[in-house]
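Trainee: quick one, structure for this:
(one chain, ligands or ions: 1)
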Amino acid sequence: MARKFFVGGNWKCNGTTEEVKKIVATLNDAQVPPQEVVEVVVSPPFVFLPLVKSTLRPDFHVAAQNCWVKKGGAFTGEVSAEMLVNLGIPWVILGHSERRQLMGESNEFVGDKTAYALSKGLKVIACVGETLEQREAGSTMDVVAAQTKAIAERISNWADVVIAYEPVWAIGTGKVATPAQAQEVHCELRKWLHANTSPEVAATTRIIYGGSVNGGNCKELAAQPDVDGFLVGGASLKPEFIDIIKSAVVKKGA
Ligand SMILES: O=C[C@H](O)COP(=O)(O)O
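Mentor: Numbers count the residues shown, from 1 in each chain. Predicted coordinates for the structure are as follows:
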């Protein structure tokens, strides 16, 4: 089964109401390949989710950037999976390296969150990736496998999961992984899924790349056989996000 190209735009902690309206207007006006070719999901901060959901073109979808690990309640400052479902938000990003590093989210915690979000009917963009130190120490695959394992141990439904491989050293640094570096990790991750989940999960799960993707480098990355799309940060706030969406045609040989 072919893996549909997936382009996520992670707006992180950016934007005012006016800026958000402008980004949505740009996306709504854009000519992009059809939904059968590329799945587009944008992820604004929580407070803008209703605005984006109600104004964004219907062929693009919306993701939250995080959610709580279990049912809501006395957890000040958190947003529950149930609330996202209630708002009709289909996707959530979990385990982003900024949350792992800045908020101390462990592999197990991200695994628990993923399992809970899936159990409530959300689809999950699960992020993994190594730091520069870990890469230089030669432990990239050990790190990425451990992060993926903590998820795999807790879930069985991979149909609603996209894995985002985001090397920490490439995030927001302008230092993109080379197409060969991205392909190498994606291919190893797919082998890991084959050995530890099932051949079907390995063949069908989308593994997308994130880390300084822009309009200039996306086509070469998209051409790699195991790169099934992107999770874009900075460039998702700019009109070049449209060019990144269009790189999906590379897979179609167009
Ligand atoms: O979630 C997106 C990644 O953190 C990449 O961010 P970036 O494109 O700004 O490097």
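
Trainee: shaky segments in this protein?
Mentor: Within the chain, the ranges that satisfy pLDDT under 70 run 1, 253-254.

Trainee: nearest to the ligand: which residue in it?
Mentor: With CB to the nearest ligand atom as the measure, Gly233 is the residue of the chain nearest to the ligand, at 2.2 Å. Quick note: C-beta positions are derived from backbone N, CA and C, even for glycine.

Trainee: residue contacts, the closest residue in space to that residue that isn't next to it in sequence?
Mentor: Closest residue to Gly233 apart from its sequence neighbours, by CB to CB, 6 or more residues apart in numbering: Asn10 at 5.2 Å. The neighbourhood of Asn10, defined by CB atoms under 8 Å, 6 or more residues apart in numbering, consists of Ser43, Gln65, Ile93, His96, Gly210, Leu231, Val232, Gly233, Ser236.

Trainee: columns secondary structure and neighbour count on top of those residues, output as CSV?
Mentor: Putting the contacts of Asn10 into CSV (DSSP: H, G, I helix; E, B strand; the rest coil; neighbours: other CB atoms under 10 Å) gives the following:
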residue, secondary structure, neighbour count
Ser43, strand, 29
Gln65, coil, 21
Ile93, strand, 24
His96, coil, 28
Gly210, strand, 27
Leu231, strand, 28
Val232, strand, 29
Gly233, coil, 23
Ser236, helix, 26
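
Trainee: ok, now which ones touch the closest residue to Lys120 other than its chain neighbours?
Mentor: Nearest residue to Lys120, sequence neighbours excluded (CB to CB, 6+ apart): Ala81, at 4.2 Å. Ala81 is in contact with Cys67, Trp68, Val92, Tyr116, Ala117, Lys120, Leu122, counting by CB under 8 Å, 6+ apart.

Trainee: that older thread, isn't the residue of the chain closest to the ligand right up against Gly172?
Mentor: Yes - using CB atoms under 8 Å, Gly233 makes contact with Gly172 at a distance of 6.0 Å.

Trainee: could you pull out the helices in the stretch 101-250 of the chain for me?
Mentor: For the stretch 101-250 of the chain, the helices defined by DSSP state H, counting those that start in this stretch occupy 107-119, 132-136, 140-152, 179-196, 199-204, 218-222, 241-246.

Trainee: most neighbours per residue, which of these?
Mentor: Comparing the helices of the stretch 101-250 of the chain by mean neighbour count (mean count of other CB atoms under 10 Å), helix 241-246 ranks first with a mean of 23.

Trainee: related to what we said a few turns ago, for the contacts of Asn10, which one is nearest Phe6?
Mentor: Minimum distance to Phe6 across the contacts of Asn10 is 8.5 Å, recorded for Leu231 (CB to CB).

Trainee: fine by me, thanks again.
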